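Novice: this one's structure only:
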């Protein structure tokens, strides 16, 4: 599998990306650039186009118009997927295999050197070393999410795409994933995180993109504190703040 080398920074640039489902626009001329070592939080209400954008960045879907470039390379899916790690709503795990067998399988698919050692390393990183021999079908939802995060990292991706990755995680699992994301940004990984959680986004992101009805409603390339992000989000999406709504109700 060819593509960016394991140590090559990967800048991702979307230019005027649009996506139509039939005649219905899911994305309308979305442009943004995500630099290596940065975490971009993509926010917006349901139906804003967040998951569609992530699917296009993952090369799982072609835009109707516009383009995405990855470090100056052409967006050829075969050449790029080895550089992309994806954690989506589906865990993409094989339930009839053990946790360790799943990771070894994916490591071999991506031609990762010493697949067994890499799998064991990631099991320890996500806190599943003692559960590695168990079948995935016996895992709790939180354990499956931990393993799916390890799967997304198996090939040391330069671009990490995550759609609501904290789903199903308890407090310790959420803390583990935050540490994992911090490690990846320090490593220079380019990260795009889709979430509905504004508090989470404020704590993690150094770059924020808010979509509304398929269009960019706000983009900021600096960290926002939770209160500032709430104000920006509600203004960008035209939604009423919860505390304001309570005040009106009273």
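Specialist: It's in. Fair warning: this is a prediction, and the values are worked out from it, not measured in the lab.

Novice: From here on, just use CA atoms for contacts and neighbour counts.
Specialist: Noted.

Novice: Strands of the chain, residue ranges please.
Specialist: 12-21, 24-34, 39-43, 65-70, 84-87, 159-163, 190-194, 207-212, 215-220 (DSSP state E).

Novice: Name the residues of the first one that come out as buried.
Specialist: In other words, strand 12-21. 12-19 (16 or more other C-alpha atoms under 10 Å).

Novice: do the last one as well
Specialist: When burial is assessed from 16+ other C-alpha under 10 Å, strand 215-220 yields the following buried residues: 215-219.

Novice: what's the weakest-modelled helix or strand in the protein?
Specialist: Least confident helix or strand, the chain: helix 242-249 with a mean of 40, by mean pLDDT, DSSP states H and E.

Novice: now the residue minimising distance to the centre of the chain: how far from residue 198?
Specialist: Geometric centre of the chain, nearest residue: residue 162, 1.6 Å, by C-alpha atoms, centre = their mean. Separation of residue 162 from residue 198 (C-alpha to C-alpha, to the nearest Å): 15 Å.

Novice: Repeat that for residue 185.
Specialist: Distance of residue 185 to residue 198, computed by C-alpha to C-alpha: 20 Å.

Novice: One more: residue 112?
Specialist: Distance from residue 112 to residue 198, by C-alpha to C-alpha: 36 Å.

Novice: Low-confidence bits of the protein, can you list those?
Specialist: Applying pLDDT under 70 to the chain picks out residues 1-7, 72-79, 240-250.

Novice: where along it do the helices fall?
Specialist: Taking DSSP state H as the test, the helices found in the chain are 50-57, 77-80, 99-109, 115-125, 141-153, 171-186, 198-204, 226-237, 242-249.

Novice: Can you say which of those is packed in most?
Specialist: Most buried of the helices of the chain, by mean neighbour count (mean count of other C-alpha atoms under 10 Å): helix 141-153, with a mean of 23.

Novice: Can you list the neighbours in contact with that one?
Specialist: 85-87, 91-93, 99, 102-103, 106, 122-123, 125-128, 136, 160, 165-170, 173 (C-alpha atoms under 8 Å, 6 or more residues apart in numbering).

Novice: before we move on, the earlier item: what's the farthest-apart pair in the buried residues of strand 215-220?
Specialist: Pairwise distances across those (C-alpha to C-alpha) peak at 10.9 Å, for the pair 215 and 219.

Novice: so what's residue 187 up against?
Specialist: Contacts for residue 187 (C-alpha under 8 Å, 6+ apart) come out as residue 37.

Novice: Please report how far it lies from residue 70.
Specialist: In this view, residue 187 and residue 70 are 18 Å apart by C-alpha to C-alpha.

Novice: Repeat that for residue 36.
Specialist: For residue 36, the distance to residue 70 - C-alpha to C-alpha - is 11 Å.

Novice: repeat for residue 219
Specialist: Residue 219 sits 20 Å away from residue 70, going by C-alpha to C-alpha.

Novice: One more: residue 236?
Specialist: In this view, residue 236 and residue 70 are 28 Å apart by C-alpha to C-alpha.

Novice: Same question for residue 92.
Specialist: Note on residue 92: its distance to residue 70, by C-alpha to C-alpha, is 24 Å.

Novice: These two - which one has more neighbours?
Specialist: Using other C-alpha atoms under 10 Å as the criterion, residue 92 and residue 70 rank with residue 70 on top: 22 against 15.

Novice: So what sits opposite the residue lying closest to that one once chain neighbours are set aside in the bridge?
Specialist: Counting by C-alpha to C-alpha, 6 or more residues apart in numbering, residue 12 is the residue found nearest to residue 70 once chain neighbours are left out, at 4.7 Å. On the basis of DSSP bridges, residue 12 is bridged to residue 34, residue 70.

Novice: try residue 27
Specialist: Residue 27 has these beta-bridge partners by DSSP bridges: residue 19.

Novice: ok, back up a step: residue 49: which of the strands of the chain is closest?
Specialist: So among the strands of the chain, strand 24-34 is nearest, using C-alpha to C-alpha, at 5.4 Å.
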